[in-house]
Structure formats: C-alpha cells, structure tokens
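A.B. asks: Following is a predicted model, sequence given first.
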Amino acid sequence: MDLARGRAPVGASRRGASYQAWLVGLLSINFGIVFFDRQALNVLMPSVAQDLALSNTQIGLLASGLSFTWALAAFGIGKLSDTIGNRKLLLILSTIGFSLCSFVSGVATSFVFMLAARLLMGAAEGGIMPISHAMVATEVDPRHRGLAQGIAQNFGSNLLGSFLAPVLLVWFAQVFGWREAFFLAGVPGIISAVIIWATLKEPPAPPRPSAEDEGEKYGILDALKNRNVLICVILGVLMVSYFVVCLTFMPIFLTNVRGYSGTEMSWLIGTLGISATIGSFATSWLSDVIGRRPVMIAMPFIGVILPLGAMLRSSSSAGASMASSHCSWPPCRPRASIRAMPRQRWASPWVRRRYWAACSRRSWRARRRTRRHSPRRCG
C-alpha cells in the first residue's frame with residue numbers, strides 16, 4: 001500500500017514543512033502529557049500508599065493493571081483508527097479520557113477505586129502513540145519520518161513525564177496535598193485536546209488495500225519468524241518491564257528505605273528524564289556511527305547502574321554511580337533529615353544504624369565540650 005511504501009495516499013498532497021513541524025511538536029508534547037499523568041501515581045506513591053494503606057502487592061497491581069489495559073488499547077484503538085479513518089477525533093477523545101482519569105485518581109478513597117481509575121487511564125492512553133505514529137507517517141516527508149517519529153515518542157515523554165512530573169508534582173503535593181497534585185496533572189491534557197482540535201487537520205484516510213495487497217497479508221506470527229524482530233520484541237518486553245518496575249518502586253525505596261526527603265527523591269527521579277531526553281538523540285546518533293548491535297548490547301548493561309546505585313550503602317558512592325547513568329545528581333541528604341525522620345520510616349536497619357550513629361556522635365561531642373570548658377580541680 002501507499003503508506004507502507006512511504007508515499008501519501010493517492011489524491012492527497014502532503015502539507016507544508018511548517019505544519020509538519022507543528023504536528024510533530026504537538027504530538028510529542030501530547031505524548032509527554034500522557035507520561036506526565038502516568039508518572040503521577042509513581043512519584044506520589046509514598047503519600048498515596050500511606051493514606052490508602054497500600055501494600056507492596058497492591059502498588060505493583062496498580063502499575064501492572066495500567067500497563068495491561070494500555071497494551072490492549074494499543075491494538076484495539078489502533079485497529080479502530082485504521083478502520084474508521086478518523087484519527088483526529090480518536091486522539092482528542094483519548095486525550096480527554098486519560099485527563100479525566102487523572103481527576104478520578106485524585107478522589108480515590110480505596111485500592112479498588114484507584115485500581116479502576118488506573119485501568120481506565122491505561123485504556124485511554126494506549127491508543128495515543130499508535131494514532132500519533134499513523135499521523136506522522138501520513139503527514140511527514142519520508143526523508144524526515146524517522147527523526148519525526150523519534151521526537152514524537154521520546155522527546156516529550158522524557159522531558160515532561162520523566163523529568164517535570166516528579167519535580168513539579170512532588171513539590172505541589174507537599175504544598176497542597178497529593179489529591180490536588182492529581183487534579184493538576186489532569187489539566188494539561190484538557191488544554192492539549194483543545195489545541196489539537198483547533199490546529200491539527202484530519203490526515204488523509206488510508207487507501208483501500210488493492211487485490212495484490214490483499215493476497216500479500218503479513219501477520220504478527222509472520223513477523224516473529226524473523227530472528228531480528230523476535231529478539232527486538234524480547235528486548236523491548238524486558239526493558240519496558242525494567243523501566244516500569246524501577247519507576248514504580250524507586251520512589252518508595254528512596255523515601256522509606258533510604259530515608260531521602262520527598263524533594264530529594266523527586267530530583268533524583270527527575271535525572272532519569274534529563275538523561276533519557278539526551279539519550280533519545282545521542283543513542284540514535286551513536287547507533288548511526290558505530291552500528292545498532294553494539295549500542296543495543298551496551299545500553300542494557302548501563303541501565304543496570306540505576307538499581308545498583310540506589311542500593312549502595314554510601315550516599316556519596318550511590319550518587320556517583322547514578323550520576324554516571326543519569327547525567328546529574330541532587331544534593332546529598334543532610335544528617336538533620338535523618339534525625340527528624342518519622343518513626344514509620346525506621347523499618348530499615350540501614351536507617352536505624354545511621355540514626356543511632358548520629359546520636360552517638362552528638363553525645364560524644366557534647367561530653368567533650370563539657371570537659372573542655374569545665375574548671376580544673378585543684379589538688
């Protein structure tokens with residue numbers, strides 16, 4: 001078909017370069033808002049889990065439930081957009097849908113309520129990227145299509161979802177509360193839907209398959225017979241699983257186990273967004289220079305630095321390890337935050353040892369000052 005061969009549908013002329021740039025930029029920001037809403041629960045989980053009394057199993061179910069409906073919707077909504085051809089309408093409805101689910105998450109009072117909101121959010125968000133890729137493939141010049149699809153999928157999601165979401169939402173939750181932070185997360189999606197409705201044009205409908213194309217059907221199983229495709233699918237599943245698990249439990253681990261404050265945790269998680277934004281361009285460029293295979297082998301090994309750096313005992317060594325993986329590192333946690341730590345965070349033996357060590361040092365220094373300044377006894 002024409003789209004598969006990189007040509008615009010018959011009878012349709014491709015729009016100008018300025019519109020193509022606006023389309024890619026807006027779709028990138030819209031997908032960034034998708035990740036902004038998705039990341040909201042992860043970075044707010046230390047507060048949400050305490051208020052709703054969530055266990056680690058329930059926290060994992062919230063993350064996996066959203067991913068499950070996301071995966072199903074990616075197939076369902078993508079197929080629906082190909083069938084009816086009205087991609088702009090589906091994109092607007094999906095954007096409004098996941099924004100409303102963010103508002104619903106803010107009023108959740110139980111695990112079941114929150115799980116239902118996240119399942120609906122995954123169903124709404126899953127179709128955003130397939131529709132966006134289809135619009136880019138239809139509207140953007142084939143010479144720039146690879147770069148355009150990379151920007152649409154990676155730039156906004158990393159900058160807004162992985163960097164801005166933890167920094168902004170954690171600060172907002174500390175000032176106003178975690179429920180209000182969910183309300184804030186839902187606002188950008190509504191604004192984005194209005195801008196999409198006002199500025200984007202409906203892309204040309206996909207052409208009907210010809211008799212020749214009908215006889216050359218190529219299904220999912222046929223694609224998986226290709227060795228490279230199968231390996232890339234397995235790598236994608238493993239890397240996304242690693243990504244979801246780390247971003248789900250890392251905020252809780254850093255605050256409840258390692259004893260970091262909410263602000264420090266948010267900046268630490270935000271370094272993922274900075275490095276991922278840079279890596280979305282640098283890694284692609286590097287693969288063009290040295291080849292795809294060396295990059296695909298090296299990147300997973302570099303990713304191992306994240307969990308290892310978080311589990312290191314020394315704050316300075318952990319900071320150095322994670323800085324090498326994520327480009328920047330927030331200031332080290334002051335000892336005062338250890339001494340002022342709430343009692344419920346003392347479950348970790350590491351935190352207890354640090355706390356009592358600080359108390360012992362203060363006691364020893366106080367005794368030394370007392371002996372130094374006390375009058376000497378005369379014989």
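C.D. replies: Cool, the structure landed.

A.B. asks: Low-confidence regions, this protein specifically.
C.D. replies: Counting by pLDDT under 70, the chain shows low-confidence ranges at 1-14, 205-219, 310-379.

A.B. asks: now do 50
C.D. replies: Applying pLDDT under 50 to the chain flags the ranges 1-7, 9-11, 314-347, 374-379.

A.B. asks: May I see the domains of it written out as residue ranges?
C.D. replies: 15-207, 220-354 (automatic domain parsing).

A.B. asks: May I see the buried residues of the longest helix seen in the chain?
C.D. replies: Using DSSP state H, we find that the single longest helix of the chain is helix 17-52. By neighbour count, with 16 or more other C-beta atoms under 10 Å as the criterion, the buried positions of helix 17-52 are 20, 23-24, 26-49, 52. C-betas here are computed from N, CA, C, even on glycine.

A.B. asks: again, but for stretch 128-141
C.D. replies: Taking 16+ other C-beta under 10 Å as the criterion, stretch 128-141 shows 128-140 as buried.

A.B. asks: Which of the residues you listed sits closest to residue 176?
C.D. replies: Residue 176 lies nearest to residue 128 out of the buried residues of stretch 128-141, by C-beta to C-beta, at 27.8 Å.

A.B. asks: what residues are up against that closest one?
C.D. replies: With C-beta atoms under 8 Å, 6 or more residues apart in numbering as the criterion, the residues that contact residue 128 are 30-31, 34, 91, 94-95, 98.

A.B. asks: before we move on, back to that, can you tell me which of the buried residues of stretch 128-141 is closest to residue 171?
C.D. replies: Distance ranking of the buried residues of stretch 128-141 against residue 171, using C-beta to C-beta, places residue 128 first at 26.4 Å.

A.B. asks: just to revisit the earlier point, looking at the domains of the chain, which is buried most?
C.D. replies: Comparing the domains of the chain by mean neighbour count (mean count of other C-beta atoms under 10 Å), domain 15-207 ranks first with a mean of 19.

A.B. asks: and the gap between residue 83 and residue 70?
C.D. replies: The spacing between residue 83 and residue 70, counted by C-beta to C-beta, to the nearest Å, is 20 Å.

A.B. asks: do the same with residue 76
C.D. replies: With C-beta to C-beta as the criterion, residue 76 and residue 70 are 11 Å apart.

A.B. asks: I figured residue 140 hits residue 23, correct?
C.D. replies: Yes: in this structure, residue 140 is within contact of residue 23 by C-beta atoms under 8 Å, at 7.3 Å.

A.B. asks: Which residues does stretch 29-39 contact?
C.D. replies: Contacts to stretch 29-39, defined as C-beta under 8 Å, 6+ apart, come from residues 66, 91, 95, 98-99, 101-102, 121, 125, 128-129, 132, 152-153, 155-162, 164-166, 169, 185-186, 188-189, 192, 196, 247.

A.B. asks: Let me know the angle separating the host helix or strand of residue 138 from helix 17-52.
C.D. replies: Assigning secondary structure by DSSP states H and E places residue 138 in helix 128-139. Angular relation of helix 128-139 and helix 17-52 on a 0 to 180 degree scale: 180 degrees, by axes from the mean of the first three to the mean of the last three C-alpha atoms, to 10 degrees.
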